[in-house]
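> only geometry, no sequence info:
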C-alpha cells in the first residue's frame, strides 16, 4: 500500500519527502508526478514505506501538518481507477472534434 501526500509545495524534491517520512520508518519509494507539458511538479505525491505500521505512524503525524508553508493532506492512497481504453475524443463536442458555434 502507499501513502498519498497532497498540497505539496511545487519546490519539494523526492529527497525532501524521503527525509520527512524517514522519521517514521523505512521509505521504499517516493514518486512526485510532474506535468507532461511543463515538467512542473503537480503538487502531490506518493510514498511507499516498509510496513503498514510505519505508514500509519506517518499518516497520523503528518496529516494536517504544516510543511514548507503548506498544510499537508496525508492519507492511504486509493487504488488507481482503470479508465479502460475507450479511445476517441473525450473532450466532448461534435463528431469532428469541434464545438458548435453560435454567431
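Perfect, I can see it now. Quick caveat, the model's predicted, so the values are computed rather than measured. Residues are numbered from 1 along each chain as shown.
> Roughly how far does the nearest residue to residue 64 once chain neighbours are set aside sit from residue 1?
Nearest residue to residue 64, sequence neighbours excluded (Cβ to Cβ, 6 or more residues apart in numbering): residue 71, at 5.9 Å. Bear in mind the C-beta positions are built from the backbone N, C-alpha and C, glycine included. Look at residue 71 and residue 1: by Cβ to Cβ, to the nearest Å, they are 23 Å apart.
> do the same with residue 75
Taking Cβ to Cβ, one finds residue 75 at 11 Å from residue 1.
> repeat for residue 19
21 Å.
> Residue 16 now?
Distance from residue 16 to residue 1, by Cβ to Cβ: 22 Å.
> who has more neighbours, those two?
residue 16 (16 against 10; other Cβ atoms under 10 Å).
> Quick one: residues contacting that one.
Each residue near residue 16 by Cβ atoms under 8 Å, 6 or more residues apart in numbering is listed here: residue 68.
> which residues in this structure form strands?
Applying DSSP state E to the chain gives strands spanning 3-6, 27-31, 44-49, 66-67, 70-71, 73-76.
> Mind putting those into JSON lines with distance to residue 59 and mean neighbour count?
JSON lines is the format used below for the strands of the chain (distance: least, Cβ to Cβ, whole Å; neighbours: other Cβ atoms under 10 Å):
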{"stretch": "strand 3-6", "distance to residue 59": "6", "mean neighbour count": "20"}
{"stretch": "strand 27-31", "distance to residue 59": "14", "mean neighbour count": "16"}
{"stretch": "strand 44-49", "distance to residue 59": "10", "mean neighbour count": "19"}
{"stretch": "strand 66-67", "distance to residue 59": "14", "mean neighbour count": "12"}
{"stretch": "strand 70-71", "distance to residue 59": "14", "mean neighbour count": "13"}
{"stretch": "strand 73-76", "distance to residue 59": "5", "mean neighbour count": "15"}
